[in-house]
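> with the sequence up front, the predicted model follows.
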Amino acid sequence: MSERAVLLTDEEVISFIIRGYHIVEADFPAGFNEAIYDELQQLKENPGDGILDRVPKLYQVYDHPKVRGALISLLGEDVRMNSHRHCHVNPPGTRSQSWHQDGTNQRHHQLRTVLAMYYPQDVTPDLGPTVIMPGTHFRNAPTDRMATYANFREQVALTVKAGTVAITHYDIWHAASENRGSRTRYMLKFLFSRGSEPNEDH
Ligand SMILES: O=C(O)CCC(=O)C(=O)O
Ligand SMILES: [Fe+2]
């Protein structure tokens, strides 16, 4: 039996609704994040959706009580891991991505899907952090139009500690930034969706 989920407070849920993201700093056992980093480095090709089979330790990331609790608070007890997932590899020397929303905008008055982005290494400003723009999850924007957008005053660079899981609304504007550092920055992007409608209890 897994440890009890640590749910979000009402303030944290309200903050997510307004800003479109919530950061979880998970306390994994010593050496856990480093072991995942090493396994990722040994992959000969990117296995796409198969990343969970290739690196099964990732189950423990999304089963962490604080991660599971945040997902339950946002998407209900019946929250489901999506079969689509991806290991985003940002090696030294890459250029910044353009601002974008993933896939087709899924705008809906209820929260349906989130991205849960796990970082197995510390992400310093030079190591190509993911940059997100709070509040943009309600704003449908064609990727073409965003191609000329540069820095926003209120953008947030996810400079985080190893073991952090950044949970965002699926529609938030985001981009990988350039990696000026000397090692690869990984980000594991998993999707979670609501499995059933909210009831009176939650
Ligand atoms: O690697 C990142 O930080 C973000 C990558 C991304 O958003 C994408 O490729 O869709
Ligand atoms: Fe993306």
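Happy to help now that I have it. Ligands and ions are numbered 1, 2, ... in the order given.

> worst-scoring helix or strand of the chain, pLDDT-wise?
Ranked by mean pLDDT, DSSP states H and E, the weakest helix or strand in the chain is helix 143-146, scoring a mean of 84.

> so that one, near ligand 1 or not?
No. Using CB under 6 Å from any ligand atom, helix 143-146 never reaches ligand 1; the gap is at least 10.2 Å. For every residue, glycine as well, the C-beta is placed using N, CA and C.

> which helices and strands sit right next to whichever helix or strand comes after that helix?
Next in sequence after helix 143-146, counting helices and strands by DSSP states H and E, comes strand 156-157. Secondary-structure packing of strand 156-157 (3 or more CB pairs under 8 Å, 6 or more residues apart in numbering; DSSP states H and E): strand 130-133.

> so R68 sits in a strand?
No. Applying DSSP: H, G, I helix; E, B strand; the rest coil, one finds R68 to be helix, outside a strand.

> close enough to count as contact, it and R4?
No. If you go by CB atoms under 8 Å, R68 and R4 don't touch, sitting 9.3 Å apart.

> so for the two, which sits in the more crowded spot?
Legend: neighbour count by other CB atoms under 10 Å for R68 and R4, higher for R68 (20 against 9).

> let me know the pLDDT of that one.
Reading off the confidence values, R68 has pLDDT 98.

> perfect, that will be all.
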